[in-house]
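[1] Quick one, what's the 3D model for this:
(chains A and B)
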Protein chains: 2
Amino acid sequence: MTLEATLRGIVGSAHVMRGGNLPAYEIDWRKRYRGQARVVVRPATTQETAEVVRACALSGVAIVPQGGNTGLVGASVPDTSGTQVLLHLGRLNGIREIDAANLTMTVEAGCLLQAVQEAAGSKGLMFPLSMASEGSCTIGGNLATNAGGTQVVRYGNARELCLGLEVVTAEGEIWHGLSGLRKDNTGYDLRDLFIGSEGTLGVITAATLKLHPRPAALTTALACLDWLDAAVEFLALAQARLGAALTGFEVMNRFSLDLVRRHFPQLAQPLPGAPWTVLLEQSDSQGQAQAAQRFESLLEAALDKGLIADAAVATSLQQSKAMWHLREAIPLAQSLEGLNIKHDISVPISRIPAFVRVTDDALERALPGVRLVDFGHLGDGNLHYNVQAPLGVAAERFLEQHEERVNAIVYDTVVAHGGSISAEHGIGALKRDELARRKSPVAMKMMRAIKLALDPHGLMNPGRVL
Amino acid sequence: MTLEATLRGIVGSAHVMRGGNLPAYEIDWRKRYRGQARVVVRPATTQETAEVVRACALSGVAIVPQGGNTGLVGASVPDTSGTQVLLHLGRLNGIREIDAANLTMTVEAGCLLQAVQEAAGSKGLMFPLSMASEGSCTIGGNLATNAGGTQVVRYGNARELCLGLEVVTAEGEIWHGLSGLRKDNTGYDLRDLFIGSEGTLGVITAATLKLHPRPAALTTALACLDWLDAAVEFLALAQARLGAALTGFEVMNRFSLDLVRRHFPQLAQPLPGAPWTVLLEQSDSQGQAQAAQRFESLLEAALDKGLIADAAVATSLQQSKAMWHLREAIPLAQSLEGLNIKHDISVPISRIPAFVRVTDDALERALPGVRLVDFGHLGDGNLHYNVQAPLGVAAERFLEQHEERVNAIVYDTVVAHGGSISAEHGIGALKRDELARRKSPVAMKMMRAIKLALDPHGLMNPGRVL
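    From the prediction side, this is the model:
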């Protein structure tokens, strides 16, 4: 029996599709990777998933797991060989259980992030992982890539929001590691090994997630600053005054908001252009009045200390959403402006200002007129430090000629500042060679040993990460 | 050259001691494990540690790493063979760096937990890991065992408080994984693999830790309840009302506090004996007045709903400490009462009441008159469910006759309620066989494969965990 026949026997003929003309599965979100699957297989249960993996393992055929296919580093599409099985988890999308008294829920990998948020909301609770792609990314993909987003400063990455996993191993066995336990010291931390491993060690099929009480009030503000150093001091002040109530702290440079103004003139910008603008969000378990008062007092203190030059507090949910819209419009405005070179870097928060100064200078010296779109999650030390061609220079040509050099400059300064070349997007195919060049050889050796231990035949998402 | 001579060459003769009569190193804290080391070696630097490990690896000699030797599962003392090298990390005790603007500090493994807390405090910040042994346990041991303690409900275990590690691998190489980054998705999560691995994969020599702003106010209260179910509802109410300001939620049964009353009559008990007493703590970033008001309003709501029968709020730091003293005196009072069978279990918080009901009943049926000391970290679903001989029965004899049966009853109900047989103490030698019996075979297989991958000759703390 051919592998295809076996797979049809497991999941049904309707859910095995011949590869080659399935762009939704075979082309990545940024359209940088166009592959061809041998077949696309869509199991409906964990059991079926395990049987699919076992069948592929027996045939020595490689598997590429895929969730919402919204990743940014080319980890979720097959290569061009036409030999890889694309394992799509979309039909594994049940909410298995919500345990409100334990503040947990158990969901299947193919659930959309937004569906997870809504299911938590239906019980008056909150799943705080949040990002622009939440309407199409899946929780399995979020965990496989340890996704970040806009609430990390308070709630952590996907890793911190997961208590247990169900995984199909490379051998096609099921590890029943679902757990609603906040404390469990029984051996090695397999959960965190699978989280962030980008499908290269096994397939996450379900997860038990941490929920949080829904805050009684959410308030948002914008503040403009002359110096990035002041933003770091402002962050420390906000953390000291608001504690865990500080749930968002984003930063945007002038050019980022200029691009939004140019491409989305309908979006109101309540503050005048400034070298830097901070968006901050407070969640309060008591209520609107107290939250507003705390916010006002924080902003006054920051004005008094000369950290911020001006501020605007949202007085309605609508205004609050409009502020977040500004922040979220930056990547779109940037696309409309033309292709660009994206980075997703982190450095210790204390070193962000120096990093930006040094990197801006180095790029300006190397490529005069280059335009820098600096924005990101300052509260996590994570910047999307993106590089756009000088005005009047064709973007395609700029990328072709300079991408490698730009990356070398940015990553050299990242490493010099104790940072990471991939803060929240992962490695995938895109940064695999860069990782091998820049990660410590001792770490690379351990990672390869673990890969060999758990996937000895190298069939799980080969060519990614390692 | 003998191994001893090589080791003396690395760390100096004064820091290589022949084993056999070194109780501080060779007997565990609970005095259940008495071993004999070939030698005790005390390196002063990471480099020396690496050289020691390399020398032992070349000679095929096993290593037992030790921090403060306060572990409760026999993971930090050598076996009785006289062949194992005890690697004591106590001289590796530097505070390498405090980066206040990044809310991180980098410390060496042998630092006492209390020294870490104090160093953070000296910068107006806080390292929240806290437990009774903090004056003698080390941060390296805390991380190697993923220690818990009393603040986990808000700040997490040791795992959640660590951003990066420096590790000497089983081969004696140094992995420079120290990092002050809150986001770093560059490959497999080696950090969390070493955390909680109890020295069986390598030796943690330093760590970068997360710090938090110091709260402006700390308030503590006791509340008494008739039912454990009400404690779970009270917890949910406290979480909804206080959010992240809830930093402690402990529970104690009547017999626990009776023992404290008997053995420490000088400790005031502000509330009358009740079936259950909860100790809760609130941290506030604003100030005492607001914290007190929030607490009063929470306790009133709980009284109105009939969840609690009575409550007492500490009105001074001294009263607050006295309340914590009651809680912390339980293990001591229990020792004074006589030997007992300890458990460190967790189940989903929602299942705690059912677990206690079922287990109490089963034990009472099996061993009439048995006395149960139930107390622990309800906010984490973690109970120290301890079993004391019936009144008038000699403790030694009771343990000899019944320990195995008691453990079987307790662990059977733990597993039936989706729980863990080791919430925060780890596996060590004590629970190694229990783990092999109760953990999923798929998980055990992966753990063994990882052990083989990173410590192929089995020289790192053999006989522990696996």
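
[2] Okay, helices next: where are they in the stretch 151-300 of chain A?
    Along the stretch 151-300 of chain A, counting by DSSP state H, counting those that start in this stretch, helices occupy A:152-155, A:190-194, A:228-242, A:254-263, A:288-304.

[3] now these in a markdown table, with distance to chain B and mean neighbour count?
    To be clear about C-beta, it is placed using only N, CA and C from the backbone, and glycine gets the same treatment. What follows is those, written out as a markdown table (distance: least, C-beta to the nearest C-beta, whole Å; neighbours: other C-beta atoms under 10 Å in any protein chain shown):
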| stretch | distance to chain B | mean neighbour count |
| --- | --- | --- |
| helix A:152-155 | 7 | 24 |
| helix A:190-194 | 4 | 24 |
| helix A:228-242 | 4 | 21 |
| helix A:254-263 | 19 | 19 |
| helix A:288-304 | 7 | 16 |
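
[4] and of those helices, who's closest to B:Ser256?
    helix A:190-194 (32.1 Å; C-beta to C-beta).

[5] mind checking which of the helices of the stretch 151-300 of chain A is nearest A:Asp28?
    helix A:190-194 (21.8 Å).

[6] What lies in contact with that closest one?
    The contact list for helix A:190-194, computed with C-beta atoms under 8 Å, 6 or more residues apart in numbering or on different chains, reads A:143-144, A:159, A:162-165, A:167, A:175, A:177, A:201-202, A:204, A:450, B:188-189, B:192-193, B:443, B:446-447, B:450.

[7] where does the stretch 351-466 of chain A come near chain B, residue by residue?
    The stretch 351-466 of chain A comes close to chain B at residues A:351, A:377, A:380-382, A:418-427, A:431, A:435, A:439-440, A:442-447, A:449-454, A:465-466, as judged by C-beta under 8 Å from any C-beta of the partner chain.

[8] Can you tell me how far the most far-flung residue of chain A relative to its centre is from A:Gly9?
    Distance to the chain centre peaks in chain A at A:Met1, reaching 40.6 Å (criterion: C-alpha atoms, centre = their mean). Distance of A:Met1 to A:Gly9, given as C-beta to C-beta, to the nearest Å: 8 Å.

[9] A:Asn146 too?
    35 Å.

[10] so the residue nearest to A:Ser133 when sequence neighbours are not counted, which of the three states?
    Once flanking residues are discounted, A:Ser133 sits nearest to A:Thr70: 4.4 Å by C-beta to C-beta, 6 or more residues apart in numbering or on different chains. Following DSSP: H, G, I helix; E, B strand; the rest coil, A:Thr70 is assigned to coil.

[11] Next one: A:Thr70 from chain B, what distance?
    15 Å (C-beta to the nearest C-beta, to the nearest Å).

[12] Got the phi and psi for that residue?
    Taking degrees, to the nearest 10, you get phi -110, psi 10 for the backbone angles of A:Thr70.

[13] and it, what does it touch?
    Neighbours of A:Thr70 in contact, by C-beta under 8 Å, 6+ apart: A:29, A:133, A:136-137, A:141.

[14] if we take the residues you listed, which one ends up nearest to chain B?
    Proximity of those to chain B was ranked by C-beta to the nearest C-beta; the top entry is A:Gly141 with 12.9 Å.

[15] quick one: that closest one is in a helix?
    Yes: according to three-state DSSP, A:Gly141 belongs to a helix.

[16] residues near A:Leu143, how many?
    27 (other C-beta atoms under 10 Å in any protein chain shown).

[17] Verify the contact between it and A:Ile204 for me.
    Yes: if you go by C-beta atoms under 8 Å, A:Leu143 and A:Ile204 touch, sitting 5.4 Å apart.

[18] which residues do those two both contact?
    A:109, A:165, A:194-195.

[19] tell me the SS of the residue in the stretch 1-150 of chain A that chain B sits nearest to?
    Using C-beta to the nearest C-beta, the closest approach of the stretch 1-150 of chain A to chain B is made by A:Ala101 at 3.6 Å. Put simply, A:Ala101 is helix when judged by three-state DSSP.

[20] how about the residue nearest in space to the middle of chain A, what does it touch?
    Nearest to the geometric centre of chain A sits A:Ala147, at 3.5 Å (C-alpha atoms, centre = their mean). Residues in contact with A:Ala147 (C-beta under 8 Å, 6+ apart) are A:129, A:131, A:137, A:141, A:157-158, A:424.

[21] let's see it at 6 Å
    With contacts defined as C-beta atoms under 6 Å, 6 or more residues apart in numbering or on different chains, A:Ala147 is in contact with A:Ala158.

[22] A:Glu296 and A:Thr219: what is the separation?
    10 Å.

[23] ok, now A:Lys451?
    46 Å.

[24] follow-up on the earlier one: doesn't the residue nearest to the centre of chain A belong to a helix?
    No: assessed with three-state DSSP, A:Ala147 is coil; it does not lie in a helix.

[25] So for it, what's the pLDDT?
    With respect to pLDDT, A:Ala147 scores 97.

[26] If any of the contacts of helix A:190-194 are buried, give me the ChimeraX selection for them.
    A single ChimeraX command suffices to select whichever of these are buried according to 16 or more other C-beta atoms under 10 Å in any protein chain shown:
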select /A:143,144,159,162,163,164,165,167,175,177,201,202,204,450 /B:188,189,192,193,443,446,447,450
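
[27] Could you give me the buried positions within the helix or strand harbouring A:Asp360?
    Here A:Asp360 sits within helix A:352-366, counting by DSSP states H and E. For helix A:352-366, the buried set under the neighbour-count rule, 16+ other C-beta under 10 Å, comprises A:352-353, A:355-356, A:358-360, A:362-363.

[28] and that helix, average pLDDT?
    Helix A:352-366 comes out at a mean pLDDT of 97.

[29] The helix or strand following it pairs with which strands?
    Beyond helix A:352-366 in the direction of the C-terminus, DSSP H and E gives the next helix or strand as strand A:371-377. Applying DSSP bridges, strand A:371-377 is found paired with strand A:246-253 (antiparallel), strand A:382-388 (antiparallel).

[30] any chance of the buried residues of helix A:352-366 in a markdown table, plus distance to A:Lys342?
    Output for these, formatted as a markdown table (distance: C-beta to C-beta, whole Å):
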| residue | distance to A:Lys342 |
| --- | --- |
| A:Ile352 | 18 |
| A:Pro353 | 21 |
| A:Phe355 | 17 |
| A:Val356 | 16 |
| A:Val358 | 19 |
| A:Thr359 | 14 |
| A:Asp360 | 16 |
| A:Ala362 | 18 |
| A:Leu363 | 14 |
